[in-house]
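J.: quick one: sequence plus predicted model below, questions after.
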Amino acid sequence: MFRAIGVIELKNVPKGVEATDDALKSAGVELVSAHPSCPGKYEIILTGSISNVTASVDHVSAKFGDYVIDTSVMGRIDERVISALFGTQKSERKGALGLIETYSAATCIKAADLCVKTARVEIFDMRVSRGLGGKGIVLLTGEIGDVNAAVEAGANYAKSAGMLSATSVIAAPHPDLWEQL
């Protein structure tokens, strides 16, 4: 199943909390996360149907326009990306490990979506903004060829958006490394 994701970044925390409430009340969307992000900004991530997510993001943009830094609506996001955002993905510690770090949450989400649609990889973990200075990171697992292809696809997207921070592929991670991830 495919759903949409909406990302809204605001200039301050009080208006971010208020905008989150308005976003949830304006359309039938589900909250993935809403939290302060560095430095002193507020990030909202919503999911639902493309029409509901678009309506909610548009509503917040119109009402809080002076406080909105950026918004993004992405349709047809793979369910595995949604699960990773909620932290409910089932991950195995095996195979190769690929990492893509981006300068924004929205770019990380889109890159992760491209990765799972490009090759036979699974999302081991995905983190956006919190504790990362506003960056995003996705960790992928699978066969080395698939991980390389997925990382290349996601990195190319992030690079074209001017948001690629770094990538890495580890063919056979040490068992102790898996335990720390």
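T.: Perfect, I can see it now. Numbers count the residues shown, from 1 in each chain.

J.: C-alpha from now on. contacts and neighbour counts both.
T.: Fine.

J.: got the confidence number for the spatially most central residue of the chain?
T.: In the chain, the residue lying closest to the centroid (C-alpha atoms, centre = their mean) is residue 109, at 2.9 Å. pLDDT recorded at residue 109 is 91.

J.: give me every residue that touches it.
T.: 81, 136 (C-alpha atoms under 8 Å, 6 or more residues apart in numbering).

J.: element containing it, please.
T.: helix 105-118 (DSSP states H and E).

J.: mind listing the strands the lengthiest strand in the chain pairs with, and their directions?
T.: The longest strand of the chain (DSSP state E) is strand 68-78. Here strand 68-78 is paired, per DSSP bridges, with strand 2-10 (antiparallel).

J.: other SSEs contacting the helix or strand following the partner strand?
T.: Per DSSP H and E, the first helix or strand lying C-terminal to strand 2-10 is helix 13-26. Packed against helix 13-26 by the contact rule (3 or more C-alpha pairs under 8 Å, 6 or more residues apart in numbering; DSSP states H and E) you find strand 30-37, strand 41-48, helix 50-63.

J.: just how off-centre is the longest helix along the chain within its chain?
T.: In the chain, taking DSSP state H as the definition, the longest helix is helix 144-160. Relative to its chain's centre, helix 144-160 lies at 15 Å (C-alpha atoms, centre = their mean, to the nearest Å).

J.: nothing else from me, thank you.
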